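Chemist: quick check, what structure comes out for this input:
(2 chains)
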Amino acid sequence: MSVGLRKILRSREFSLFLVLVVLCIVIQSRNPQFLTATVIDSILRNYSYTILMATGMLMVLLVGGIDISVGSTLALSGMTSALLMRHGVIESAFLAYMVSLGVGILCGLMVGLVITKGKVLPIIASLGFMYVFRGMTFFISGGQWVGMQHLLPEFRAFSQGAALGISNLLWITIVVYILVFIMLGWTRTGRQIYAVGSNPEAAMVSGIRSDNIKLFVYAFNGALAGISGAMFVGFYASAQNNSAMGLELDIIAACVIGGVSLKGGQGTIPGVLLGALMIAVINRSLSLTGIDPFWQQALKGAVILIAVTTNILVQRRATRLSLARREI
Amino acid sequence: MTGQRQKRVIEHNPPRDFKSRFMRWEFLLLALFFGVVIMNANMSPNFLVAHHLFTNINTFLVRGLVALTMTYCLLMGEIDLSVGSIVVFAATTLGIVFNATGSVFLGMVTALVVGGLCGAFNGLILIKFKELHSMIVTLGTMILFRGLAERILGAEATGGMRSVTWFANLFDARIGPVPYFFIFFCALAAAFAFVMHRTTFGRHMFAIGANRTAAEYAGINVSKTRLKVFALSGLICGVSAIMFASWTGSIRSNVGEGYEIEAIAMCVLGGMSTAGGKGSLPGVLIAIFTVGLLQFGMSLMNVNPQTVRIIIGALLIIVVTMQNIRRIIGKKITQVKA
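Modeler: This next block holds a predicted model:
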């Protein structure tokens, strides 16, 4: 067996991949409709924004932070562009996406500034902003939601459309994944993100401006939440005040299942992709298996717990094996 | 000289001269608290009516109970996101057992047992899988426990326990204007403060929060302490569930949603650090009352709940940033003096 192949087989991502395959086989055996193009397409389409935002959260977790305000950022940015559409200020789908993106970046920057300049712990700062952004969403919309008739037809068509048989929303996700994958692996900023997360003191001594890196990461995370806001509004054809409540927990769960450490410096894009797919499959396909819908939440919790604990067991075994080999 | 150094090492026992005492976090919080009270009293003549005031204090103390145990979790550098779900699960079992047996006492015992077991379950996973952060484990159990409550209740509600007079009185009964529950809460808070600041167990929690590895090398049984704290957290959630049932007499599967966030917000405002090893229970206590009365005052002024949310979020950020800026400036001043 070549070294490369062995490395892949031993990796955390591979064990996760196996868990995902087993999960899919179980669901498939209960419902043969599961592994068809329509169902897979609908799963990916419905969870494109969750999968997308997981990359932003990955980067935040990599620098040793956390951002639980992303659900609120999504709601705020989606609501902003929807309201502007209703008032006829925005007249193209592109502009709507740009406005959402801008709002998202601003939100992310604010969270990042409080964390880096105010020296507030990330979870506390983003907890505060979670309240603030959600409250602002209610505030600007006056507690009402923006319905389908107020959205631009072009905007809705983009979200529901497809190119080359793949949904437009999925294209955005794919492009972002490729960009972030390249950035984390092969650019200076990407390596600095890992450096800041795995050893802050060493990073500082070696001349990395940690604060700037962190600020960039939070702004980037906000930007993804912003784009997701526009995607979300377009996909569901309405902007609501309470949309994406609790989404941050799904995203953090996706990252952690994908092997990202909450302590920072550890985590990969393929892992996060698998973790996010797993969350999407669990959320979407339990109903396909004919299980009582009231069991679904409990099962989801159980699956998350089993996934993270199995991963630990596999890791322990891998470490033991490699230690044993070293002794010989 | 040695004395001075000792004082600096033991962080939660700061020097006792007047200025540093005055500049302590609890004092600023107390000022904030009185600010809220005075503002409320000015805005609405109904605020300082003892009967209303205590009725309202009672309702937010149901959540305040959760904040007490969250203090212990945060002190150890842990976090417990599953508290709201344990509350709904325990309350659900209380309702089910009451409706099945007709004995509300049995229901209460069940709620306490279920709460304690849920907490112990969290703790067990955490000590068996030390690599896992408590945030992710309790995130899983948060979904799991609420899911179990949803499974039991479906779209229905369980209730009727307020028809038992003594059970309804747990929440309602008063000596003069002061509810028994308020007195119970104060006693419990005093016990929590005593354990945290005056016992070996409390010292152990501080030590584990400051540096878990060092605590382990110093001979503290870290696993046992963590298990105890998480089980206690579940148990208190059971108490909170009982009080909730006694208050509303009806339980749906969305009870307790957001308790975890609110409890964390109260603790942080009270000066707890989520990194562990810092904070004081009196601070958290003041924060519980500040946040609770702020919400009450706003509702008296007909401010809509969304605006209240913005204000609490902003307050949290500003207060914590201020605290840090104070510390940074303080450090600079001592540097200049040196």
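Chemist: what's the neighbour count on B:Leu148?
Modeler: 25 (other CB atoms under 10 Å in any protein chain shown). For every residue, glycine as well, the C-beta is placed using N, CA and C.
Chemist: just checking, it touches B:Phe89?
Modeler: Yes. Under the criterion of CB atoms under 8 Å, B:Leu148 makes contact with B:Phe89 at 5.7 Å.
Chemist: so for stretch A:193-208, what gets flagged as buried?
Modeler: For stretch A:193-208, burial by neighbour count (16 or more other CB atoms under 10 Å in any protein chain shown) applies to A:193-198, A:200, A:203, A:208.
Chemist: what is the nearest of those to chain B?
Modeler: Chain B has its nearest neighbour among those in A:Pro200, at 13.3 Å by CB to the nearest CB.
Chemist: nearest spatial neighbour of the closest one, chain-adjacent residues omitted?
Modeler: Spatial nearest neighbour of A:Pro200, chain neighbours left out: A:Ser210 (6.2 Å); criterion: CB to CB, 6 or more residues apart in numbering or on different chains.
Chemist: gap between that neighbour and A:Gln149?
Modeler: Noted for A:Ser210: a distance of 48 Å to A:Gln149, by CB to CB, to the nearest Å.
Chemist: which of those two has more neighbours?
Modeler: Between A:Ser210 and A:Gln149, counted using other CB under 10 Å, the more crowded position is A:Ser210 (18 against 9).
Chemist: centre-most residue in chain A?
Modeler: A:Ala54 (1.7 Å; CA atoms, centre = their mean).
Chemist: how about the contacts made by it?
Modeler: A:Ala54 is in contact with A:251, A:254-255, A:258, A:272-273, A:275-276, counting by CB atoms under 8 Å, 6 or more residues apart in numbering or on different chains.
Chemist: who wins on neighbours among those residues?
Modeler: So for these (other CB under 10 Å), the most neighbours sit at A:Ile251, 33 neighbours.
Chemist: a helix runs through that one, doesn't it?
Modeler: Yes. Using DSSP: H, G, I helix; E, B strand; the rest coil, the assignment for A:Ile251 is a helix.
Chemist: ranges for the helices of the stretch 201-338 of chain B?
Modeler: For the stretch 201-338 of chain B, the helices defined by DSSP state H, counting those that start in this stretch occupy B:212-217, B:222-248, B:259-269, B:281-300, B:305-337.
Chemist: now tabulate the ones you listed in CSV and tack on mean pLDDT.
Modeler: As requested, those are exported to CSV (pLDDT from 0 to 100):
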stretch, mean pLDDT
helix B:212-217, 90
helix B:222-248, 93
helix B:259-269, 86
helix B:281-300, 87
helix B:305-337, 75
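Chemist: strands of chain B, start to end?
Modeler: B:158-159, B:174-175, B:178-179, B:250-251 (DSSP state E).
Chemist: out of those, deepest packed?
Modeler: Of the strands of chain B, the one with the most neighbours on average (mean count of other CB atoms under 10 Å in any protein chain shown) is strand B:250-251, at a mean of 22.
Chemist: contacts for stretch A:192-203 next, please.
Modeler: Residues contacting stretch A:192-203 (CB under 8 Å, 6+ apart): A:59, A:61-64, A:184, A:206, A:208, A:210, A:213-214, A:217, A:264-266.
Chemist: element containing A:Ile140?
Modeler: helix A:122-141 (DSSP states H and E).
Chemist: in chain A, what spans have low per-residue confidence?
Modeler: A:1-4, A:6-10, A:327-328 (pLDDT under 70).
Chemist: show me the strands in it, by range?
Modeler: Going by DSSP E, chain A shows strands at A:162-163, A:166-167.
Chemist: what's the last one packed up against?
Modeler: Packed against strand A:166-167 by the contact rule (3 or more CB pairs under 8 Å, 6 or more residues apart in numbering or on different chains; DSSP states H and E) you find helix A:37-46.
Chemist: residues of the helix it packs on that come out buried?
Modeler: Within helix A:37-46, the residues scored as buried using 16+ other CB under 10 Å are A:39, A:43-46.
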